[in-house]
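Asker: Need coordinates for the below:
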Amino acid sequence: MRSARWTTLVAGGCLALSLLGGGLGACADGGPPSAAAARDYLSRVEESPWLQALLDRTVATLQAKDARLRASDVRIAVLDLRDDTTPKLAQQRGYRPMYPASVIKFVYLMAAYAFQETGQLRIDPELDGLLTHMIFESSNQATQGVVARITGTTPGPALAPEAYAEFRDRRLSVNRWLGTLGVRGLHCVNPTFDGTADMTGRDRQLIADRSAASGLAPDKNEPNRNAMTAVGTAELLALLATDRALSPADSATVRRRMRRDPKVQRHLAARIAGGASRLPGLEVYAKTGTWGPIYADAGIVRNAEGKQFVVAVLIQGSPAYRGDFIADLTERLAAALLAPPAHGTPPVDDIHP
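Answerer: Predicted coordinates for the structure are as follows:
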């Protein structure tokens, strides 16, 4: 749980109201929210004994019947957003970074809109198309184009020290933006690749740069790989879900781009969207990742009344895990948090048994 508090919220000349009483972080005119509003919201995240017990019990039940899952490294974070003033957190190894594969692409999607809001970037038709291919098809080539545009860098051969220092600084711009929001545990400096053949010399130069190491277990060849924690991922998604990282209009656009439907993309049946689709009336905005030993997904699950939660799951296994755990976990969380119960409403606070 975070202890820092911010009460006076100012951004871009827009004086925001104190969020101690709740409410969204966007300015009254619908413009971009203040970064301080995002930090304030994340400072009020509380660990929830009730939600933690639900998560622990559910994971134990699913692990008991899945030997491959038990042999994998699983990192999870759940944020219950039904109470907008106090998000509730449960996690398992959620603060430990892992290589996220394509999950990181939703960060670059959000950054594109954030940078456009501050005048650093314009989403023209070319970039708009790249964003579509990056998210819907999870194209690595499109992601390389997106990262080049949002960071103002270009691919090419290895650079001399002075030019490389500028390249490195530009590639750290997404990290700096995340820092202004108070999101920790995300290291987003590289695009995704189809292999080593599409890495240029300066890409290799950056990945090998130990001065910007990602926090993953040391790798003698690639110490500066992308990395995400489940908790940091869930926090950024919570800001997206509540319009606190982007303007309401851009938040809605980003969520629309991340809308997942397993009927359209059948491979999503084993992911968050597949689990949520087992219950009526739920929508999912998410991004999956699959590469080698990595099997991951992170997203927002929302019902027709606007109640929502965020779940992030990062799995690493050898042999690689490719089972139904993410979908099964999502279904059980959605049933507990969003599905109408037989009596009353789902529990929001920790006094509920």
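
Asker: Hmm, Glu331 is touching Leu282, no?
Answerer: No: contact criterion CB atoms under 8 Å: Glu331 and Leu282 do not qualify, at 9.8 Å. Backbone N, C-alpha and C define where each C-beta goes, glycine included.

Asker: Can you check which residues contact both of the two?
Answerer: Common neighbours of Glu331 and Leu282, using CB atoms under 8 Å, 6 or more residues apart in numbering, are Ala276.

Asker: From Asp66, how far off is the most centrally placed residue in the chain?
Answerer: Centroid-nearest residue in the chain, with CA atoms, centre = their mean: Thr233, separated by 3.6 Å. Thr233 sits at a distance of 23 Å from Asp66 (criterion: CB to CB, to the nearest Å).

Asker: And the pLDDT at the residue lying closest to Tyr321 once chain neighbours are set aside?
Answerer: Sequence neighbours aside, Ser72 is the residue nearest to Tyr321 in space, at 4.5 Å (criterion: CB to CB, 6 or more residues apart in numbering). Looking at Ser72, its pLDDT reads 98.

Asker: so who does Ser72 touch?
Answerer: Ser72 neighbours (CB under 8 Å, 6+ apart): Ile315, Gln316, Gly317, Tyr321.

Asker: repeat for Gln144
Answerer: Listed by CB under 8 Å, 6+ apart, the contact set of Gln144 reads Pro155, Pro191, Thr192, Phe193, Asp198.

Asker: Out of those residues, the closest to Phe106 would be?
Answerer: Checking the contacts of Gln144 against Phe106 by CB to CB gives Thr192 as the nearest, at 12.1 Å.

Asker: from what I can see the closest one touches Val107, true?
Answerer: No: using CB under 8 Å, Thr192 is not in contact with Val107; the gap is 11.4 Å.

Asker: Which secondary structure element of this protein has the lowest mean pLDDT?
Answerer: Using mean pLDDT, DSSP states H and E, strand 9-11 stands out as the lowest-scoring helix or strand of the chain, at a mean of 31.

Asker: quick one: low-confidence ranges for the stretch 151-300 of the chain?
Answerer: Residue ranges of the stretch 151-300 of the chain with pLDDT under 70: 218, 220.

Asker: again, only using 80
Answerer: 213, 215, 217-221 (pLDDT under 80).

Asker: and the gap between the closest residue to Val103 other than its chain neighbours and Asn190?
Answerer: Nearest non-adjacent residue to Val103, counting by CB to CB, 6+ apart: Gly289, 3.9 Å away. Going from Gly289 to Asn190 by CB to CB gives 14 Å.

Asker: between those two, which one's more packed in?
Answerer: Per other CB atoms under 10 Å, whichever of Gly289 and Asn190 has more neighbours is Gly289, with 24 against 20.

Asker: sec struct for that one, please.
Answerer: Secondary structure, DSSP: H, G, I helix; E, B strand; the rest coil: Gly289 is strand.

Asker: for Ile150, same thing?
Answerer: Under the three-state scheme (three-state DSSP), Ile150 adopts helix.

Asker: I'd like the mean pLDDT over stretch 319-329, please.
Answerer: For stretch 319-329, mean pLDDT rounds to 98.

Asker: Could you give the separation of that stretch from the chain centroid?
Answerer: In terms of CA atoms, centre = their mean, to the nearest Å, the gap separating the centre of stretch 319-329 from the centre of its chain is 19 Å.

Asker: now what about it, what contacts it?
Answerer: Applying CB under 8 Å, 6+ apart, the external contacts of stretch 319-329 come out as 58-59, 62, 66, 68-69, 72, 74, 76, 269-272, 274-275, 278, 292-295, 297, 311, 313, 315.

Asker: What about those residues, which are in helices?
Answerer: Using DSSP state H to define helices, the subset of the contacts of stretch 319-329 located there is Thr58, Val59, Leu62, Arg68, Leu69, Ile272, Gly274, Gly275.

Asker: In PyMOL, select just the buried ones from those residues.
Answerer: Buried residues within those, by 16 or more other CB atoms under 10 Å, are selected in PyMOL with:
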select buried, resi 58+59+62+69+272+274+275
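
Asker: Out of the ones in helices among the contacts of stretch 319-329, which two are the most distant from each other?
Answerer: Arg68 and Ile272 (19.2 Å).

Asker: Which stretches in this structure count as strands?
Answerer: Under the criterion DSSP state E, the chain carries strands at the ranges 9-11, 14-16, 46-47, 73-80, 88-92, 186-187, 227-228, 283-291, 294-302, 308-316.

Asker: Nearest to Ala114, out of those strands?
Answerer: Closest to Ala114 of the strands of the chain is strand 9-11 (CB to CB; 11.9 Å).

Asker: what's the nearest residue to Glu331 if we skip its chain neighbours?
Answerer: Glu331's closest residue in space is Gly275 (CB to CB, 6+ apart), at 4.0 Å.

Asker: which residues touch the one you found?
Answerer: Contacts of Gly275 (CB under 8 Å, 6+ apart): Ile326, Ala327, Asp328, Leu329, Thr330, Glu331, Ala334.

Asker: Tell me which of those residues fall in helices.
Answerer: Ile326, Ala327, Asp328, Leu329, Thr330, Glu331, Ala334.
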